[in-house]
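**Student:** Here is a sequence together with a model predicted from it:
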Amino acid sequence: MEKIERPPISELSSLKKIKKNWEQWGIELKQYQESEGKEGQRFSWREGCYKDLRLALYDLTDGHCSFCDGFPIGETSLEPIEHYYPKADFPLIAYQWENLFYCCDKCNSEANKTKFEYTLKPDDLDYIFKSYFYFDASSGKLEILENLEIDAPEKYQKAKKFLKRYGINNPKRNIARIHLMNDIKNFIKANSKEDKRGRNDFKYRYIYDYLLRLLIKNK
Ligand SMILES: [Zn+2]
């Protein structure tokens, strides 16, 4: 999960409609949920704002999932936009710019499985990846810094809940990360002029950073 620098919505001309209406739409959604019971969970993005939102959110992460840093899965992706505070429990902020994140299908479905608990948020002002996590190359897991549990138990709990909420260390993902690590290693070693890819073209950019650090260290 990379840190996200989120510009205020007033700076994004493509989101004018959202800026103007998000509060009213939230009120209407709440009323709808209350009047329709279970049926009231149906949600729509209103007035075609989905596309503009998704594009604006894409720009914040260079197309990486805000939570796992993977990519939405190809053409079969539902291209979800994640409500950090779930829309079922927090309808009033269901259209609020600050509550919305570019997300992959997997993280989106994992987050929907459990009851909401506040975890880390990638646009938290004081969030920095390396003050919480490191990549463990032998297991493929994203691990929490060992000292946090004792030194900063609150931070530790937030990080732990984050990993759980988005299923970050599910076994399949760990294996995928080990494979990817080998691909990136080959890419960096080859240092080919024809291969125009860069850091942002890879999933899980913390693996890229990890390998670069390793390379520099071993020079
Ligand atoms: Zn994800």
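**Tutor:** Arrived safely. Numbering: from 1, shown residues only.

**Student:** Geometric centre of the chain: which residue is closest?
**Tutor:** Central residue of the chain (C-alpha atoms, centre = their mean): residue 66, 1.8 Å from the mean position.

**Student:** Run through the strands of the protein in chain order.
**Tutor:** For the chain, the strands defined by DSSP state E cover 81-83, 100-102, 133-136, 141-144.

**Student:** Packed most tightly, which of these would that be?
**Tutor:** Per residue and on average, the most neighbours among the strands of the chain fall to strand 100-102, with a mean of 25 (mean count of other C-beta atoms under 10 Å). For the C-beta atoms, the positions are set from N, CA and C on the backbone; glycine is no exception.

**Student:** Which pLDDT does the model give the residue nearest to the centre of the chain?
**Tutor:** We note a pLDDT of 96 for residue 66 in this prediction.

**Student:** Start at 27, not 1
**Tutor:** Yep, numbering from 27; the last one is residue 92 now.

**Student:** OK, contacts around the closest residue in space to it that isn't next to it in sequence?
**Tutor:** Computed as C-beta to C-beta, 6 or more residues apart in numbering, the closest residue to residue 92 that is not its neighbour in sequence is residue 127, at 4.0 Å. By C-beta atoms under 8 Å, 6 or more residues apart in numbering, the residues touching residue 127 are 30, 83, 92-93, 107-108, 110, 148.

**Student:** change it to 10 Å
**Tutor:** Residue 127 is in contact with 30, 32, 83, 86-87, 91-93, 106-110, 133-134, 137, 147-149, counting by C-beta atoms under 10 Å, 6 or more residues apart in numbering.

**Student:** circling back: who wins for proximity to residue 77 among the strands of the chain?
**Tutor:** strand 107-109 (10.5 Å; C-beta to C-beta).

**Student:** which helices and strands does the closest one pack with?
**Tutor:** For strand 107-109, the elements it packs on are helix 75-87, strand 126-128, helix 131-139, judged by 3 or more C-beta pairs under 10 Å, 6 or more residues apart in numbering; DSSP states H and E.

**Student:** So which bits of this structure are right by the ion?
**Tutor:** Residues of the chain that fall close to the ion, judged by C-beta under 5 Å from the ion: 91, 93-94, 96, 130, 133.

**Student:** Put together TSV for the residues you listed, with neighbour count on each row.
**Tutor:** Rendered in TSV, the data for those read as follows (neighbours: other C-beta atoms under 10 Å):
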residue	neighbour count
91	26
93	30
94	24
96	21
130	25
133	24
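
**Student:** Out of those residues, give me the two with the largest separation.
**Tutor:** The span of the residues of the chain next to the ion, defined through C-beta to C-beta, is set by 93 and 96 at 8.7 Å.

**Student:** Need the overlap of contacts for those two.
**Tutor:** Contacts common to residue 93 and residue 96, judged by C-beta under 10 Å, 6+ apart, are 129-130, 132-133, 194.
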